[in-house]
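[1] With the sequence up front, the predicted model follows.
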Amino acid sequence: METVTLSKSDLETLVDRMVTERVNERLRGVEETLADLRSKVHNGGGNVPEDRATLVVFSGEMDTLFAACTIASGAVAMGMEVSMFFTFWGLNALRVKKTFAGKTIGEKMVAAMLPSGPASVPTSRMNMAGIGPIFFKHLMQQRNVQSLPEMVKLIQELGVRIVACEMSLGVMGITREELLPGIDYGGVATYLADAAKSKITLFI
């Protein structure tokens, strides 16, 4: 039997295609959910904005995740209720370990290419093959700035509602056992329910 060897670029292309296919499969019910919510609002079931902030955390880089956690902690300090909906690459901020047991080949491929937690995520700029994050972590230590793992722990201690997107978990091949304990799980309806009541909504 002939062995097929894939280059890194071919592997990344294959993983991107697999993720896209699974995203399309799992988004089929989103439009129906949105239509149902619009109907409820139109019929008087809408909500008056509360003193609340809702953040969608989509990006998975150190600087963008740090910004999201900083905004969330600042909002709590101002007396606001805060919800953070982590989806796709943002889920890496919630990971405490990486496992391969019980996963399909596709899920194992995706898992192998993802960071194992907030301490190992790249930067959005100047990543320099992993040197960038080390450089910025050094600068943050010099200035007594909390690290990203510490910021994630802080927002959880402050009572921020942390929601992991269940659809994205399936797409990215991440299990609940790999994520922080004590967080919530939900879908687009969960996010929209919080966002509909919020004065501030952000996509990061």
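    Good, I have the coordinates. Everything quoted here is computed from the prediction, not taken from an experiment. Numbers count the residues shown, from 1 in each chain.
[2] only C-alpha atoms for contact and neighbour calcs from this point on.
    Fine.
[3] mind listing what the residue most central in space within the chain touches?
    Centrality entry for the chain: nearest residue to the mean C-alpha point is residue 90, 2.3 Å, by Cα atoms, centre = their mean. Applying Cα atoms under 8 Å, 6 or more residues apart in numbering, we find residue 90 in contact with 57-61, 65.
[4] any idea whether residue 199 is helix, strand or coil?
    On the three-state scheme (DSSP: H, G, I helix; E, B strand; the rest coil), residue 199 is labelled strand.
[5] Just give the nearest non-adjacent residue to it, would you?
    residue 49 (5.4 Å; Cα to Cα, 6 or more residues apart in numbering).
[6] what's the farthest-apart pair in the contacts of residue 90?
    Taking every pair in the contacts of residue 90 and measuring Cα to Cα, the maximum separation is 10.4 Å, between 57 and 61.
[7] In strands, which of the contacts of residue 90 fall?
    Residues of the contacts of residue 90 located in strands (DSSP state E): residue 57.
[8] got a markdown table for the contacts of residue 90, with pLDDT, neighbour count and distance to residue 12 too?
    Below are the contacts of residue 90 laid out as a markdown table (pLDDT from 0 to 100; neighbours: other Cα atoms under 10 Å; distance: Cα to Cα, whole Å):
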| residue | pLDDT | neighbour count | distance to residue 12 |
| --- | --- | --- | --- |
| 57 | 97 | 24 | 23 |
| 58 | 96 | 18 | 19 |
| 59 | 93 | 21 | 18 |
| 60 | 91 | 26 | 17 |
| 61 | 93 | 22 | 18 |
| 65 | 95 | 25 | 23 |
